[in-house]
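>>> Sequence first, then the predicted structure, then my questions.
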Amino acid sequence: MSSQPTGGAPPGPALPAPAVPVPRAPAPAGQAAGPPGEPPEESGPGLPARLRAQARTVPGGLRVVAGLLTVLIGAFGVVASFQMAERSAAAEDVLRRSQPLSADAAAVYRSLADANTAASSGFLAGGLEPAEVRERYDRDIATASRKLVTAAAATDGSAESAAEIAELSRLLPVYTARIEAARANNRQGLPLGGAWLRNANDLMQEKMLPAAERLYQAEKERLRTDYATAQGFPWAAVGLGVLTVGALGGVQHALYRRTNRRFNVGLLGATAACGTLLLWVAAGHTLASGALSQSYEGGVRSLNVLNDARISALKARGGENLTLVARGAVTVPQGRKFAGQDSYDVAYRAEMARLLGPADTGEKRGGLLGQALELADDPRGRDPVRDAADQAAEWRERHLKAREYDEAGDYDQALKRVIGAERDEATGASFDRLDAALEKALAHEQGEFERAAGDGGGALTGLVAGPLVLAVLGAAGAGTGIARRLAEYR
């Protein structure tokens, strides 16, 4: 028989024991605490920290080195290609653009001066001028017009050159119209013809030839600029090349100390590619600069002096002719040197002094022709210059004889001594032979320039694409060499 408890509440279901709170451990520093009852989220260091940690390992360090070498080699190749492309383009401009433009500008000046000389020679002949004189004048005017068109098309927007070309193009038809007026009056025996000729000569001397001279100087300055660019040393490329080769050598040395392996084929190949490029850039520039220097010293300088000499001869001939045309009507104003003397004869003497040196020294190899003789570096260049100097000295002696007749009032004998058919006595014969000798010297020096300038440009052949190819090979070699060391850590 079961017993029952006495008193109290009847028995019920058992109640759970009260929960005892369990303290939570504090979240680690830098880690956000999650909601109660959930495990905290795990998070590692940030990306920069992980990269730094990886770089501290040997494989990570090798990857960094590979990346730096690739960037350095690539920069070397790009800079070398850019700088050599700039110098190659400038060398090509020297040969194909700026020097030909300089020669064209000189031809414009020379053609205008020669046309003015031919016009005065034809006027002195009286009546119908000789056919060969008229043909020479027409040829000079056509040459000047053609060269102006060529120069206008090739100035590349040069404001200075364009302004001079526009001025010459505007004045040329004005000049030819005045010459035609002089001819028309001269054929009729009217004294007004001489006034028209002097008026045309004033236009040529005071406006057209100065404009042609400024055009010539502007093109010579452009030529000097192209030379300076072509010969500028590629410091950036060479500096990067030295740094790149040094870095490759340093990496190989460090690997040797760590691995005790003497050679890394990939890095050796990269060093060879970069070293080859460095030597190529330095040697190519040195050869090109030397050839361009030769083209300037042995070609351009001689061409400039010879062009100046030919222009002086033409201006002297024009002054000599106009002395007879004016017959003393135009004299040097009072207060100036040589006041009262014939202006055109004074101009003649000034140009001959520039050509040969002062007359009172008796020097036959001075002035511009003396300079040209010093610059000529072979017999083919010296011989025509010597001939030109001899003809110029003969011309000056014959001119003095013609002036004696003119000042004595014997105009016909003076005229015969200047434009007569007696070539053994006329100054015109000496001038013609002088001009022919200078033309021969100019042709020789032009050939010397083209040969040397062509050699300079040729020395830069391949130095535009070549650096990029070698840079790719160098980067590939460096990457391959580092990859072989990385493979050892897998």
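Alright, I've got the coordinates. Keep in mind that this is a model prediction, so the values were computed, not measured.

>>> my read is residue 190 is in a helix, agree?
No. Counting by DSSP: H, G, I helix; E, B strand; the rest coil, residue 190 is not found in a helix; it is coil.

>>> Now it. Its backbone dihedrals?
When read as degrees, to the nearest 10, the backbone of residue 190 gives phi -90, psi 130.

>>> separation between it and residue 183?
11 Å (Cβ to Cβ, to the nearest Å). In short, each C-beta sits where N, CA and C put it, glycine included.

>>> Equivalent analysis for residue 478, please.
From residue 478 to residue 183 the distance is 79 Å (Cβ to Cβ).

>>> for residue 205, same thing?
Distance from residue 205 to residue 183, by Cβ to Cβ: 19 Å.

>>> Figure out the helix or strand that residue 100 lives in.
Here residue 100 sits within helix 99-125, counting by DSSP states H and E.

>>> List the first helix or strand encountered after that helix toward the C-terminus.
That would be, after helix 99-125 and using DSSP H and E, helix 131-154.

>>> tell me which residues in that following helix are buried?
Buried residues in helix 131-154, counted by 16 or more other Cβ atoms under 10 Å: 133-134, 136-137, 140-141, 143-145, 147-148, 150-151, 154.

>>> Kindly report the same for stretch 239-251.
240-241, 244-245, 247-248, 251.

>>> quick one: which of the residues you listed is nearest to residue 355?
Nearest to residue 355 out of the buried residues of stretch 239-251 is residue 241 (Cβ to Cβ; 50.8 Å).

>>> right, and residue 182 touches residue 197 too?
Yes. Taking Cβ atoms under 8 Å as the definition, residue 182 is a contact partner of residue 197 at 4.0 Å.

>>> got any residues that touch both of the two?
Applying Cβ atoms under 8 Å, 6 or more residues apart in numbering, one finds that residue 182 and residue 197 are jointly contacted by 119, 123.

>>> mind exporting the host helix or strand of residue 474 as CSV, just the C-alpha atoms?
Take DSSP H and E as the rule and residue 474 turns out to sit in helix 466-487. C-alpha atoms of helix 466-487 as CSV (Å, rounded to 0.1, in the frame of the first residue of the first chain):
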residue,chain,number,x,y,z
GLY,A,466,65.4,48.1,-82.9
PRO,A,467,65.2,49.4,-79.3
LEU,A,468,61.7,48.1,-79.0
VAL,A,469,62.6,44.6,-80.3
LEU,A,470,65.6,44.4,-78.0
ALA,A,471,63.5,45.6,-75.0
VAL,A,472,60.9,42.9,-75.6
LEU,A,473,63.7,40.3,-75.8
GLY,A,474,65.3,41.7,-72.6
ALA,A,475,62.1,41.7,-70.7
ALA,A,476,61.3,38.2,-71.8
GLY,A,477,64.8,37.0,-70.8
ALA,A,478,64.5,38.7,-67.3
GLY,A,479,61.1,37.1,-66.8
THR,A,480,62.3,33.7,-67.8
GLY,A,481,65.3,33.9,-65.6
ILE,A,482,63.3,34.9,-62.5
ALA,A,483,60.7,32.3,-63.2
ARG,A,484,63.3,29.5,-63.1
ARG,A,485,64.3,30.6,-59.6
LEU,A,486,60.6,30.8,-58.5
ALA,A,487,60.0,27.2,-59.7
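
>>> Name the residues that touch that helix?
Taking Cβ under 8 Å, 6+ apart as the rule, helix 466-487 contacts 59, 62-63, 65-66, 69-70, 73-74, 76-78, 80-81, 84, 237, 244, 248, 255, 259, 264-274, 276-277, 280-281.

>>> now with 6 Å?
59, 62, 66, 69-70, 73-74, 77, 80-81, 264, 266-267, 269-270, 273-274, 277 (Cβ atoms under 6 Å, 6 or more residues apart in numbering).

>>> quick one, the particular helix or strand that has residue 290 in it and helix 466-487 angle?
For residue 290, the host element (DSSP H and E) is helix 265-295. Between helix 265-295 and helix 466-487, the angle formed by their directions is 160 degrees, by axes from the mean of the first three to the mean of the last three Cα atoms, to 10 degrees.
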